[in-house]
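Predicted model, plus sequence, below.
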Amino acid sequence: MKEVRVRFAPSPTGPLHIGGVRTALYNYLFAKKNGGKMILRIEDTDQTRFVPGAEDYIVKSLDWCGIKFDESDIVGGEYGPYRQSDRKPLYKQYSDELIAKGFAYYAFDTAEELDKYRAEAEAQKKTFIYNAESRKTLRNSLTIAAEEVEKMINEGVPYTVRFKMPENYEVRMHDIIRGDIKVNTNTLDDKVLFKSDGMPTYHLANIVDDHLMKISHVIRGEEWLPSMPLHVLLYQAFGWEAPEFAHLPLLLKPDGNGKLSKRDGDRLGFPVFPLRWVDPKSGEVSSGYRESGYYSEAFINMLALLGWNPGTEQEIFSMEELIQAFSFEHCTKSGARFNVDKTKWFNHEYILKKSKEEVGEEYLQWLETEKGIKADKEYVVKVTGLVKDRINFVKELWDQSFFFFEEPTTYDEVTVKKRWKENSAELMLKAKELINSIEDFSAENIEKVLNEWITSNELGMGLVMNGLRLMLVGAGKGPHIHEILELLGKEEAVKRIDKGVVELSKV
RNA sequence: GGUCUCUUCGUCUAGUCUGGUCAGGACGUCAGGUUUUCAUCCUGGUAACAGGGGUUCAAAUCCCCUAGAGACUACCA
């Protein structure tokens, strides 16, 4: 088998969408699984759609995801340059070659003229296509005399080069995921290969570069399936061996119909981009998975399972495990609806897997930047250890543990109604005295002393514990009371009980 | 409209090639258990072969038709 060389070839027209990340991921997994090379090629042949910062964003995003490239504009490689605008001088000779061989021709129709034809056709409920039939009546080197064509070109009349689609030929193709596909060329049109601005279109540049870069497998989104016949025909016209193709299913909206778009994320409240993106023109900000608190490992794990499965019941995979398990045989053919809940669940699983030290370290940072709290690291790690299993994101830790960092200022109404009885104030004061008298203030000992006191006086576990919880937390939630007491310390606990009794007695 | 692709629980999917286990798992949801509380966690339930014909002793699986969905249909990628 020849060396596996795959490429991810985005256009820097905006931020990289999660569908693009998944395409890059599958390319990467396939390459690494087969000991091959992963190449990043920037397809910026459309200068009108260039967006500043987009290329940099793409590189940074993939890096965050852990998708590494063996060859790119940044890391270099022997098949560069890896940006199509830097390869511009290269393409014209291939366009010329196709014309010389009779596989392409010059077309002089202006964009305005073509727009007019389309509008006219549409008015008659037809579709205008530039094909074997219509090319006979349009302005091109097949209808205009050779000398005239040469003269026009020499005079600088703008032209495009179009592929001369063969008539009534059945193109037989093979897709790794979809199997055999055949299309009759009569349904295809004469695509522009070379634009009047001197740049190739995607189709030409893509085929030339894939050939020159010795790409063995073209792995891309299903939206490219309709142009596969053109690409196969181009390889044939050049006399080149075509790579193998694999067209991945699309990522669909969580609800409704159609493919996932940026708008869905805004509407349903989840990111569609890996990293935060600020549109350079409008200034509009789109949140990213990273900024929303997702671990890149969880994000990648989730994406990998959207359109592929390992054939086993394993769901949690490290990148290395994904590489080992990946194969096209287990890729799905149909589009996959994006699911926010499942995505959150993946992050939850990664929180579970991480140690309290790891998560605590992140929480320590979060506390400082978001709350301006400079806490003791050891303390934060202990707090994190008590509550981290109940959250999906580090930022949710606050809601589960705020009472470890600030005393309650309000008391949850529903809990008060339910747990604060007539004799509660008196009971809490007694409990406070007991707590104040405990020498060994470890959770274990606190639990022992409290339990003994409650049982020997027949006080009722719920009444005491829930009352204390209300005093210490201000709500009816949180870890075990004795754990809270230990971390808070005797002094703070006594203070909170005194305050709570006063506050709740007012009502 | 045309071309191509796709179609199993609400969602992601296993099973289809090589017909034959109550169609399996996960997320969600519901119930129960654990717990001093809220969560987590554990256990259990829920729920699907798009429809119609065939072939066969037997069809999610093979064949045909219908329906639905998606993508593409630019001098954009």
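Looks like it arrived, so ask away.

Tell me which stretches of the stretch 301-450 of chain A form strands.
All strands of the stretch 301-450 of chain A, identified by DSSP state E, counting those that start in this stretch, fall at A:336-337.

residues from it in reach of RNA strand B?
Those residues of the stretch 301-450 of chain A that sit near RNA strand B, judged by Cβ under 7 Å from any atom of the strand, are A:305-307, A:309, A:311, A:313, A:315, A:330, A:332-337, A:339, A:341-342, A:345, A:348, A:352, A:389-390. No exception for glycine: its C-beta is placed from N, CA and C like everyone else's.

Make a PyMOL selection of the buried ones in these.
Typed into PyMOL, the line below selects the buried ones among these, using 16 or more other Cβ atoms under 10 Å:
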select buried, chain A and resi 305+306+307+335+336+348+390
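
In helices only, show me the residues of the stretch 301-450 of chain A next to RNA strand B.
Of the positions in those, A:341-342, A:345, A:348, A:352 sit in helices, assigned by DSSP state H.

any chance of the residues you listed in a markdown table, with pLDDT too?
Output for those, formatted as a markdown table (pLDDT from 0 to 100):
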| residue | pLDDT |
| --- | --- |
| A:341 | 94 |
| A:342 | 96 |
| A:345 | 97 |
| A:348 | 97 |
| A:352 | 95 |
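
tell me which of those residues is nearest to residue A:422?
residue A:348 (41.3 Å; Cβ to Cβ).

Please tell me I have it right and that closest one contacts residue A:394.
No. With contacts defined as Cβ atoms under 8 Å, residue A:348 does not count as touching residue A:394, sitting 11.6 Å away.

end to end, how far does stretch A:212-224 reach?
The first residue of stretch A:212-224 is 20 Å away from its last residue (Cα to Cα, to the nearest Å).

Contacts for that stretch next, please.
Outside stretch A:212-224, the residues within contact range by Cβ atoms under 8 Å, 6 or more residues apart in numbering are A:2-7, A:9, A:19, A:23, A:26-27, A:30, A:36, A:39, A:41, A:71, A:79, A:90, A:176, A:209-210, A:243-250, A:335.

buried ones in that stretch?
Buried residues in stretch A:212-224, defined by neighbour count with 16+ other Cβ under 10 Å: A:213, A:215-222.

could I get the residues you listed as TSV with secondary structure, distance to residue A:100 and pLDDT?
Formatted as TSV, these follow (DSSP: H, G, I helix; E, B strand; the rest coil; distance: Cβ to Cβ, whole Å; pLDDT from 0 to 100):
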residue	secondary structure	distance to residue A:100	pLDDT
A:213	coil	24	98
A:215	coil	25	98
A:216	coil	28	97
A:217	strand	30	98
A:218	strand	26	98
A:219	strand	32	98
A:220	strand	30	97
A:221	strand	33	96
A:222	helix	34	95
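
Could I get those residues in a markdown table, plus columns for distance to RNA strand B?
Written out in a markdown table, the entries for the buried residues of stretch A:212-224 read as follows (distance: Cβ to the nearest atom of the strand, whole Å):
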| residue | distance to RNA strand B |
| --- | --- |
| A:213 | 15 |
| A:215 | 14 |
| A:216 | 20 |
| A:217 | 18 |
| A:218 | 13 |
| A:219 | 15 |
| A:220 | 10 |
| A:221 | 8 |
| A:222 | 6 |
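
and which of those is nearest residue A:421?
In terms of Cβ to Cβ, no member of the buried residues of stretch A:212-224 lies closer to residue A:421 than residue A:221, at 63.0 Å.

distance of the closest one from residue A:45?
In this structure, residue A:221 lies at 18 Å from residue A:45, with Cβ to Cβ, to the nearest Å as the measure.

just residue A:336 next, same as before
Relative to residue A:45, residue A:336 is positioned 30 Å away (Cβ to Cβ).

cool, and residue A:412?
Distance from residue A:412 to residue A:45, by Cβ to Cβ: 60 Å.

and if you look at residue A:107?
Plainly put, residue A:107 is 18 Å away from residue A:45 if you go by Cβ to Cβ.

Give the helix, strand or coil label for whatever residue of the stretch 151-300 of chain A ends up closest to RNA strand B.
Among all residues of the stretch 151-300 of chain A, residue A:257 sits closest to RNA strand B, at 2.6 Å; criterion: Cβ to the nearest atom of the strand. Secondary structure, DSSP: H, G, I helix; E, B strand; the rest coil: residue A:257 is coil.

Would you map out the domains in chain A?
Under automatic domain parsing, the residue ranges defining each domain of chain A are A:5-73+A:201-252, A:89-194, A:407-507.

Tell me which of these sits most buried.
Among those, judged by mean count of other Cβ atoms under 10 Å, the one packed with the most neighbours on average is domain A:5-73+A:201-252 (a mean of 20).

Distance from that domain to the middle of the chain?
With Cα atoms, centre = their mean, to the nearest Å as the basis, the distance from the averaged C-alpha position of domain A:5-73+A:201-252 to the chain average is 16 Å.

And stretch A:343-361, by the same measure?
Taking the mean of its C-alpha atoms, stretch A:343-361 sits 19 Å from the chain's own mean (Cα atoms, centre = their mean).

and it, which residues are buried?
Neighbour counts over stretch A:343-361 (16+ other Cβ under 10 Å) mark A:343-344, A:346-351, A:354, A:356, A:359-361 as buried.

just these now: which is nearest RNA strand B?
residue A:348 (6.3 Å).

ok, the nearest residue in space to the closest one that is not next to it in sequence to residue A:476 distance?
Among residues not flanking residue A:348 along the chain, residue A:392 sits closest, at 4.6 Å (Cβ to Cβ, 6 or more residues apart in numbering). Spatial separation of residue A:392 from residue A:476 under the definition Cβ to Cβ is 21 Å.

how many neighbours does residue A:85 have?
Residue A:85 has 16 neighbouring residues, counting by other Cβ atoms under 10 Å.

my read: it touches residue A:44, true?
Yes. In terms of Cβ under 8 Å, residue A:85 counts as a neighbour of residue A:44; the distance is 4.9 Å.
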